[in-house]
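**Q** have a look at this prediction, sequence included:
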Amino acid sequence: MANKLLLTEDELIDLTGYVRTDAQVRWLQRNNWEYVLSGYKRPKVSRTYADQRLGLAIKNELRQTSAPDFSAWGGPSL
């Protein structure tokens, strides 16, 4: 079963344009992408993070809505 939380090796190749893991790491560093290295020194990138960086997902801060602050009106606060 594939891990849907992380980009696959093929997706990392497509993203970076490099097959070699050391070249992928250099690309990620040059482009200020967050990643972690596996025990085999392969870069791991979160799918959610990649979607946000590529403009494919709405950030959580934009999805959150808050109630209006009526305290400035001098009435009871909610």
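**A** Yes, it's here. Numbers count the residues shown, from 1 in each chain.
**Q** heading C-terminal from the longest helix that the chain contains, find the next helix or strand.
**A** The longest helix of the chain (DSSP state H) is helix 21-30. Using DSSP states H and E, the next helix or strand after helix 21-30 towards the C-terminus is strand 36-37.
**Q** hey, C-alpha coordinates of the longest helix of the chain in PDB?
**A** Taking C-alpha atoms only, helix 21-30 is exported to PDB below (Å, rounded to 0.1, in the frame of the first residue of the first chain):
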ATOM      1  CA  THR A  21      18.700  11.600  -4.400                       C
ATOM      2  CA  ASP A  22      21.700  13.900  -3.800                       C
ATOM      3  CA  ALA A  23      20.600  16.100  -6.700                       C
ATOM      4  CA  GLN A  24      17.000  16.100  -5.400                       C
ATOM      5  CA  VAL A  25      18.200  17.200  -1.900                       C
ATOM      6  CA  ARG A  26      20.200  20.000  -3.500                       C
ATOM      7  CA  TRP A  27      17.200  21.100  -5.500                       C
ATOM      8  CA  LEU A  28      15.000  21.100  -2.400                       C
ATOM      9  CA  GLN A  29      17.600  23.100  -0.500                       C
ATOM     10  CA  ARG A  30      18.100  25.700  -3.300                       C
END
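**Q** could you list the low-pLDDT ranges of the chain?
**A** 1-2, 58-70, 75-78 (pLDDT under 70).
**Q** quickly find the element holding the residue nearest in space to the middle of it.
**A** Centroid-nearest residue in the chain, with CA atoms, centre = their mean: Tyr49, separated by 0.8 Å. Per DSSP H and E: Tyr49 is located in helix 47-53.
**Q** mind listing what's buried in that helix?
**A** Residues 47, 50, 53 are the ones in helix 47-53 that count as buried (16 or more other CB atoms under 10 Å). (C-beta placed from N, C-alpha, C; glycine too.)
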